[in-house]
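> here's my sequence, what's the structure:
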Amino acid sequence: MPKAKPEIDVLLTYPADPVRVFDSIVPLGIASIAAMLETHGYSVKVLDFNFYHGDFSRDLLQWNPKFVGIGGTTATRKGSFLTARLVKASLPSVPVVFGGPHASFTVADSLSNIPEIDFVVKGEGEYPFLGLCNHFIKGMAADPLSLPGVCSRSTNGIIENAFRRIENLNDLPVPARHLFAGNYSLKLDFFNLKAECIITSRGCPACCTFCSASRMFPGGVRYRSMNHIKRELDVLIHGKDISALKLFDSTFTSSPEHVLAFCDMIRPYNLSWECEVRADTVDRQMLLQMKRAGCVYINMGLETSCRHLLARTAKNITNEQVEACLGWCREIGIKTKLFMIFGHPGQTFSDCREDISYIKKNRKMIDFFATTVGMRVYPGTALETQLKKYKLIPGDFSWAGYKAPLKNWLLFEPGDVMILDQQGLNFFALFGVILLLARQRTLTSGSYIMKMLGLNARVYGYRIFLGIIQLKHKLVRLITSPRGKQ
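Below is the predicted model of the structure:
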């Protein structure tokens, strides 16, 4: 099949989730990069494989992009790698770039094991990606390997350039949501309100050992101005039936001034909203102001009630702070979700039973139990570094080659993510924790489980249907090709 004339400059893709655990949201990182490219005159197509219906290899030849960017997370990285292979099989001369949180912390591993990836972008991708497009599409003279955050292979090995953070988030354009085609049916939990997602800051004030947010966005939290946020809100709600917002800031309440300014700005929109907080960054007065401005739901992490484990994970909060926040929310009328993790390094089954008792004791103040059984290990975290230091992760470990054991599914981990396996708290002990939580009905809500089962039944049924259609396309190509007629 002859290649068509280029219809687009850049194709940006996002891999499908192996299992839908949450409602679908527009990948805001990809949307921001797309907006940056459009602002500088590039034609961009975005493909979210959660909603794509076509034959990718065939459509690639039709679109004939000059440049391909691939996003993704640790759980979806295998889909990202597959996309890179398919692109190179159809368009071998087109540069392929891999970015996002997983890519940022696995540069050498990804480039060493996935030859179809030409470049990896570390950290915030808007400017590095623009620089690469300027070089390869517009022919600008800047050496791509001199660009901050751009990494690739060379004759001397792999080059990893340090990334440069964006100091002023107001310099970024509003994310290009208009490029996304799909049923992003985001709903606000408990209220069944049609919602959209937004991020008002980047970074996190905490350095929890199991999370990479503070390393992905180092140097403290940066905030968007209210005028900048308002521009995005006006685009979001224009012509849409939106009643709610989900704020995806790592810690929305890290700055009291930012919170109060946001409350003043959002109040006239009459939207319900939820956000993520830390117990040591809120007080009753702040929560009251948030409630008056439309906040109906908060997410908060405790992770464990054991003080020695809280110290070891650098969580730096106390049970008393969490209980005070839960109590204020109950009094004011804000719904609460509490995150707990079972399987911390050094945690015993006795510690787990203590946490289970803590949840049961405070269950009347908690509306949703977000309990993770089995500590997930992610690249770029202090936890990963510790495990390598103590040789609990093999020296030759590769995220690109890792395949999770089947027992992960019994711990409700559908992605190829590592779950810490320790002698004092092995798989059987962790599964015992699940049974204890289920017995006292604090694992998660039954309605949520049924919702996710129904969603995934529809998703996988549709994927099977698409697989049949794509097989038909391949057979037609095989039969009608010159080789097939011989």
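
> just the helices in the stretch 351-486 of the chain please.
In the stretch 351-486 of the chain, the helices defined using DSSP state H, counting those that start in this stretch lie at 382-389, 407-410, 427-439, 446-480, 482-485.

> mean pLDDT lowest for which of these?
Set side by side, the helices of the stretch 351-486 of the chain differ in mean pLDDT, and helix 482-485 is lowest with a mean of 52.

> and N183, how many residues sit next to it?
Neighbour count for N183, taken as other Cβ atoms under 10 Å: 8. Heads up, the C-betas are built off the backbone N, CA and C, glycines and all.

> from what I can see it touches H53, true?
No: contact criterion Cβ atoms under 8 Å: N183 and H53 do not qualify, at 11.5 Å.

> does I298 lie in a helix or a strand, and which?
strand 295-303 (DSSP states H and E).

> then P128?
Assessed by DSSP H and E, P128 sits inside helix 126-136.

> now that helix: average pLDDT?
Helix 126-136 comes out at a mean pLDDT of 96.

> pull up the pairing partners for whichever helix or strand comes after that helix, direction included.
For helix 126-136, the following helix or strand on the C-terminal side (DSSP H and E) is strand 150-154. Paired neighbours of strand 150-154 in the sheet (DSSP bridges): strand 119-121 (antiparallel), strand 157-160 (antiparallel).

> out of those, which one sits most buried?
Most buried of these, by mean neighbour count (mean count of other Cβ atoms under 10 Å): strand 119-121, with a mean of 27.

> how far is that one from where the chain is centred?
Taking the mean of its C-alpha atoms, strand 119-121 sits 18 Å from the chain's own mean (Cα atoms, centre = their mean, to the nearest Å).

> and the protein, what are its domains?
10-160, 186-444, 452-485 (automatic domain parsing).

> go through those domains and name the closest to L169.
domain 186-444 (4.7 Å; Cβ to Cβ).

> and the end-to-end length of that closest one?
Length of domain 186-444, first residue to last, Cα to Cα, to the nearest Å: 19 Å.

> any idea how far that domain is from the chain center?
13 Å.

> element containing E331, please.
helix 319-332.

> and the next element down the chain from that helix?
Next helix or strand after helix 319-332 toward the C-terminus (DSSP H and E): strand 335-342.

> partners of that next one in the sheet?
strand 295-303 (parallel), strand 368-373 (parallel).

> of these, which approaches G346 most closely?
Among those, strand 295-303 sits nearest to G346 (Cβ to Cβ), with 13.4 Å.

> next, the buried residues of that closest one.
Across strand 295-303, burial judged by 16 or more other Cβ atoms under 10 Å covers 295-303.

> contacts for that strand next, please.
Here strand 295-303 makes contact (Cβ atoms under 8 Å, 6 or more residues apart in numbering) with 188-191, 208, 210, 272-279, 287, 309-310, 313, 315, 317, 319, 322, 325-326, 329, 333-341, 344, 370.

> which among those residues end up buried?
188-190, 208, 210, 272-279, 287, 309-310, 313, 315, 317, 319, 322, 325-326, 329, 334-338, 340-341, 344, 370.

> and I419, what does it touch?
343, 374-377, 404, 408, 411, 413.

> if you set the cut-off to 7 Å instead, what comes out?
I419 is in contact with 374-376, 408, 411, 413, counting by Cβ atoms under 7 Å, 6 or more residues apart in numbering.

> does the most centrally placed residue in the chain sit in a helix or strand, and which one?
With distances taken as Cα atoms, centre = their mean, the residue of the chain nearest its centroid is T73 (6.0 Å). For T73, there is no helix or strand it lies in under DSSP H and E.

> same deal with the one 5 residues further on?
Assigned by DSSP H and E, K78 belongs to helix 77-90.

> if you average pLDDT over that helix, what comes out?
Helix 77-90 comes out at a mean pLDDT of 97.

> now what about that helix, what contacts it?
Contacts of helix 77-90 (Cβ under 7 Å, 6+ apart): 13, 15-16, 49, 56-57, 60-61, 68, 70, 72, 94, 96, 98, 102, 114, 116-117, 399-400, 416.

> against which helices or strands is the helix or strand following that helix packed?
Counting by DSSP H and E, the element after helix 77-90 in chain order, helix or strand, is strand 96-99. Applying 3 or more Cβ pairs under 7 Å, 6 or more residues apart in numbering; DSSP states H and E, one finds that strand 96-99 makes contact with strand 67-70, helix 77-90, strand 119-121, helix 126-136.

> partners of strand 96-99 in the sheet?
In the sheet, strand 96-99 lines up with strand 67-70 (parallel), strand 119-121 (parallel) (DSSP bridges).

> closest one to G395 among those?
Between those, strand 119-121 lies closest to G395; by Cβ to Cβ that is 21.8 Å.

> now what about the closest one, what contacts it?
95, 97-99, 103, 107, 110-111, 128-129, 132, 144, 149-152.

> repeat the analysis, applying 6 Å as the threshold.
With Cβ atoms under 6 Å, 6 or more residues apart in numbering as the test, strand 119-121 has contacts from 97-99, 103, 107, 110, 128, 149-152.

> and those residues as JSON lines, adding distance to L82 and neighbour count?
As requested, the contacts of strand 119-121 are exported to JSON lines (distance: Cβ to Cβ, whole Å; neighbours: other Cβ atoms under 10 Å):
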{"residue": "V97", "distance to L82": "16", "neighbour count": "29"}
{"residue": "F98", "distance to L82": "12", "neighbour count": "29"}
{"residue": "G99", "distance to L82": "16", "neighbour count": "27"}
{"residue": "A103", "distance to L82": "15", "neighbour count": "29"}
{"residue": "V107", "distance to L82": "19", "neighbour count": "21"}
{"residue": "S110", "distance to L82": "13", "neighbour count": "25"}
{"residue": "P128", "distance to L82": "23", "neighbour count": "26"}
{"residue": "G149", "distance to L82": "24", "neighbour count": "25"}
{"residue": "V150", "distance to L82": "23", "neighbour count": "26"}
{"residue": "C151", "distance to L82": "21", "neighbour count": "27"}
{"residue": "S152", "distance to L82": "21", "neighbour count": "20"}
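
> contacting residues around stretch 223-235?
169-170, 174, 200-201, 258, 261, 265.

> one step back: just the contacts of I419 now: which is nearest G220?
R376 (25.6 Å).

> the closest one contacts V417, correct?
Yes: judged on Cβ atoms under 6 Å, R376 makes contact with V417 at a distance of 5.2 Å.

> among the strands paired with strand 96-99, which is nearest I359?
The nearest among the strands paired with strand 96-99, by Cβ to Cβ, is strand 67-70 at 39.2 Å.

> what does the closest one contact?
Identification of contacts with strand 67-70 by Cβ under 6 Å, 6+ apart yields 10-13, 80, 83-84, 87, 94-98, 133, 136.

> most tightly surrounded among the domains of the chain?
Mean neighbour count (mean count of other Cβ under 10 Å) peaks for domain 10-160 among the domains of the chain, with a mean of 19.

> compare the mean pLDDT across the strands paired with strand 335-342 and name the weakest.
strand 368-373 (a mean of 92).

> output that one as CSV, restricted to C-alpha atoms.
The C-alpha trace of strand 368-373 is given here as CSV (Å, rounded to 0.1, in the frame of the first residue of the first chain):
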residue,chain,number,x,y,z
PHE,A,368,-14.7,5.1,51.0
PHE,A,369,-12.0,2.6,51.9
ALA,A,370,-9.2,2.8,49.4
THR,A,371,-7.2,-0.2,50.7
THR,A,372,-4.2,-1.5,48.7
VAL,A,373,-3.0,-4.9,49.8
